[in-house]
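**Q** No letters, just coordinates:
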C-alpha cells in the first residue's frame, strides 16, 4: 500500500513509481470517479482511449451516419455556392 497526504487545498501527490507505471506526465488529465467509499483516479492517456474504442459495439454505424451527413452538407454547400 502506498500512502500520500492531502494538502490544505485538497491536493495530493501521486508517487513517481505509480505515475511512471501509468504513464502520467505533466498535463495528463485524470477522471475522478466515486464508487461507494472509494475515489478512483483514471488517467486519460492515449492508451485509455485506445481501450475504449469500439466499446459501444455500433459496428461503424455511427461513423457511416456521420460521413453521410457530412457528404449531404457538402452537397448543400456546393449547390449554394453554384447558385451565387
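**A** That came in fine, so what should we check first? Quick caveat: nothing in here was measured; it's all calculated off a predicted structure. Numbering: from 1, shown residues only.

**Q** Do you have the helices of this protein handy? List them.
**A** 16-21, 46-52, 61-83 (DSSP state H).

**Q** in the shortest one, what counts as buried?
**A** What that stands for is helix 16-21. Residues of helix 16-21 classed as buried: none (neighbour count, 16 or more other CB atoms under 10 Å). C-betas here are computed from N, CA, C, even on glycine.

**Q** Near residue 41, how many other residues are there?
**A** Residues contacting residue 41 under the criterion other CB atoms under 10 Å number 13.

**Q** closest one to residue 38 among the helices of the chain?
**A** The closest approach between residue 38 and any of those, judged by CB to CB, belongs to helix 16-21 at 16.0 Å.

**Q** Name the helix or strand of the protein that has the lowest mean pLDDT.
**A** The weakest-scoring helix or strand in the chain, judged by mean pLDDT, DSSP states H and E, is helix 46-52 (a mean of 72).

**Q** Contact partners for the closest residue in space to residue 47 that isn't next to it in sequence?
**A** Spatial nearest neighbour of residue 47, chain neighbours left out: residue 23 (6.7 Å); criterion: CB to CB, 6 or more residues apart in numbering. Residue 23 sits next to 43, 45, 47 when contact means CB atoms under 8 Å, 6 or more residues apart in numbering.

**Q** Dump those into CSV; add neighbour count as well.
**A** Shown next, in CSV, are the contacts of residue 23 (neighbours: other CB atoms under 10 Å):
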residue, neighbour count
43, 17
45, 16
47, 11
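
**Q** Mind putting those residues into TSV with distance to residue 72?
**A** Shown next, in TSV, are the contacts of residue 23 (distance: CB to CB, whole Å):
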residue	distance to residue 72
43	38
45	35
47	35
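
**Q** before we move on, back to that, for the least confident helix or strand of the chain, what is the distance to the chain centroid?
**A** In terms of CA atoms, centre = their mean, to the nearest Å, the centre of helix 46-52 is found 8 Å from the chain centre.

**Q** which secondary structure elements does it contact?
**A** If contacts are counted by 3 or more CB pairs under 8 Å, 6 or more residues apart in numbering; DSSP states H and E, helix 46-52 sits against no helix or strand.

**Q** List the contacts of it.
**A** So helix 46-52 is contacted by 23, 42 (CB under 8 Å, 6+ apart).
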